[in-house]
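K.L.:
please work out how this folds:
(2 chains)
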2 protein chains.
Amino acid sequence: MNIEMIRAAAARAAGHIRRTPLLHSPALDALAGRRVWAKAECLQHTGSFKARGGWSALSAMEPALRARGVIAYSSGNHAQGVARAAASFGAPAVIVMPADAPQAKVEGTRAYGAEVVFYDRAGESREEIGAALAAERGLTLVRPYDEPLVIAGQGTCGLEIADQAREAGIARAEVLTCCGGGGLTAGIALALEAERPGFRVRPVEPENFDDTARSLESGARQRNDADPSGSICDAIVTPMPGELTFPILTRLCGPGLVVTEAEVLRAMGLALRHLKVVVEPGGAVALAASLFHGDALEGGDVIVTLSGGNADAHTLGRALSTL
Amino acid sequence: MNIEMIRAAAARAAGHIRRTPLLHSPALDALAGRRVWAKAECLQHTGSFKARGGWSALSAMEPALRARGVIAYSSGNHAQGVARAAASFGAPAVIVMPADAPQAKVEGTRAYGAEVVFYDRAGESREEIGAALAAERGLTLVRPYDEPLVIAGQGTCGLEIADQAREAGIARAEVLTCCGGGGLTAGIALALEAERPGFRVRPVEPENFDDTARSLESGARQRNDADPSGSICDAIVTPMPGELTFPILTRLCGPGLVVTEAEVLRAMGLALRHLKVVVEPGGAVALAASLFHGDALEGGDVIVTLSGGNADAHTLGRALSTL
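P.N.:
The predicted structure is shown next:
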């Protein structure tokens, strides 16, 4: 992995991926006690940054192989990113999703023409199901984070952050990322290492799913014991940091941060009120950390990813009730 | 009024006003039966396009006059636009707001340091209160739409629409605007007349407040009889088209469109789900027309303004319940 792969992914993405805005609100600054800059990937195609990695992977595939089809496993955002890219290239896509995935994500994935195969998050392995289907139908597996092309695609978000921080006159900042397997975090960290070495990336996770924070602290990959179906942060409750992503995080990131579900819902409500955007729970952890864990941050500027916005109406209603 | 005034306003706005994104969702296209492009002014500073007009007016004022202070009357969006610009220039601002203005707008206005004076929408005249205070304190009145500098500021939104339509490859389109006094509609119409003469602007209003549609049809300015405090579309329930704006609308706009409150709430819900943005009722009428009044539109592309996003939690809850 290197910055040239990210720059190449950005070139392939031109005209197909949105440059999402870096939002800002005086009211949130006042709450946080520092300037908060929000990279609104909820406004990306498919409603999350995963459109970047999906596009990067599919756009770099050998056309004949791509035409046979792709497969991905995902709680819904990587699903839509891969499905959208596959649809654009006219390639079939099969997506393996947990049976309890949010309805909005299932519908979104199907709307891009993908075939959805469900599995039981507690009892079955999505990796095994994916591998079996890939072998049976000759599909290429597009991994959600342990795949260099996908990390490079997510890194294009980091290139934009670097540019937009320059435009906003931000000299130094902590950059808080919503972290599951670490693809977005690794991509942004690599981009900023090259473009803005004074910036420090900090992964943020929900409580009970803080594998990355514990892994960074211990120096070795740790697992989560909790049942992922019990979390509202479905997008980022992966079992452990990735094999490819973790060494990048170890080399480039500061300590991880951990937030509660109550903080996540409140951050979602404040994003609706002050930033006028819909953020899903897993995409709101970084904003929650910036607002409610300021003691753990340094400096006058913090940049947060609002990684996705594919929230169900019921969850948005819960977020509104915190206001 | 001419295009040079709008270009000058755009030059003064550089670095102070956001270029808001033109959002797009395949799901909304499918519902509308044509491509729907949404100009997300809800993501503008202060949560509405009114930041443009406020900035345009204040930035063009003679500094000594500006330093004495400004006054505006507004249900809340023009209030925040003027208050933000005044705060940036270090000028005092007094805002005359209806006593039933949404709480989010009152708080937003005060957060920019403005003094808020309430009036009774049914029994008092905001124009008279504004004029009296202006005389008493030596403040300059910044009118919400019947002011060339304000129309020019709102027109900068039209310049961006012209650019973004080119980038998106849109050759011809109907452009639906959320219309109260007609400042945004007139500004956009003037900008597009110069930049994209193939585009046609269509004002959209809520039922019972369709003064512009009736005025365009009859050729003379008509009044609304309904009580504005009975509408959820507080931002655009002005009594009649403006003296300056109406001749521009007559010359440049196609027939007006009228939507119901149920359609507005459903459009707000669909914006939350598919565009991931918060739109207030008065800012959702154009989207509602594009989705539910397609029979009255021509061509394969429709551009709508999402004019503002300053909605209260209660109203957002009602919008979510339509999903």
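
K.L.:
residue of the stretch 101-250 of chain A closest to chain B, please.
P.N.:
A:Ala111 (6.0 Å; CB to the nearest CB). Yep, even glycine has a C-beta here, placed from its N, CA and C like the rest.

K.L.:
that residue reaches B:Leu28, doesn't it?
P.N.:
No: the pair A:Ala111 / B:Leu28 is not scored as a contact, 11.1 Å apart, by CB atoms under 8 Å.

K.L.:
of the two, give the one with the bigger neighbour count.
P.N.:
B:Leu28 (24 against 18; other CB atoms under 10 Å in any protein chain shown).

K.L.:
what pairs with the closest residue in space to that one that isn't next to it in sequence across the strands?
P.N.:
If the residues on either side of it in the chain are set aside, B:Leu28 comes closest to B:Val36, at 4.7 Å by CB to CB, 6 or more residues apart in numbering or on different chains. In this entry, B:Val36 is beta-bridged to B:Val302, by DSSP bridges.

K.L.:
distance of B:Val36 from chain A?
P.N.:
As for B:Val36, its distance to chain A is 15 Å (criterion: CB to the nearest CB, to the nearest Å).

K.L.:
around that residue, how many other residues sit close by?
P.N.:
28.

K.L.:
now swap in A:Glu62 and tell me
P.N.:
Quick note: A:Glu62 (other CB under 10 Å) scores 8 neighbours.

K.L.:
can you read off the pLDDT for it?
P.N.:
A:Glu62 carries a pLDDT score of 97 in this model.

K.L.:
just A:Ser75 next, same as before
P.N.:
78.

K.L.:
next: A:Ser229.
P.N.:
So A:Ser229 comes in at 80 (pLDDT).

K.L.:
what sits against it?
P.N.:
A:Pro98, A:Asp100, A:Arg121, A:Ala122 (CB atoms under 8 Å, 6 or more residues apart in numbering or on different chains).

K.L.:
measure the spatially closest residue to A:Asn208 that is not a sequence neighbour to A:Gly181 for me?
P.N.:
Nearest in space to A:Asn208, with sequence neighbours left out and distances taken as CB to CB, 6+ apart, is A:Ala226 at 4.0 Å. In this view, A:Ala226 and A:Gly181 are 16 Å apart by CB to CB, to the nearest Å.

K.L.:
pick out whichever of those two has more residues nearby.
P.N.:
A:Gly181 (26 against 16).

K.L.:
look at the closest residue to the more buried one other than its chain neighbours and tell me its secondary structure.
P.N.:
Nearest non-adjacent residue to A:Gly181, counting by CB to CB, 6+ apart: A:Tyr145, 3.4 Å away. Of the three states, A:Tyr145 takes coil under DSSP: H, G, I helix; E, B strand; the rest coil.

K.L.:
the strand or helix carrying A:Ala83 packs against which elements?
P.N.:
For A:Ala83, the host element (DSSP states H and E) is helix A:77-88. Using 3 or more CB pairs under 8 Å, 6 or more residues apart in numbering or on different chains; DSSP states H and E, the elements in contact with helix A:77-88 are helix A:50-59, strand A:70-73, strand A:93-98, helix A:103-111.

K.L.:
just checking, which of those sits deepest inside the structure?
P.N.:
helix A:50-59 (a mean of 29; mean count of other CB atoms under 10 Å in any protein chain shown).
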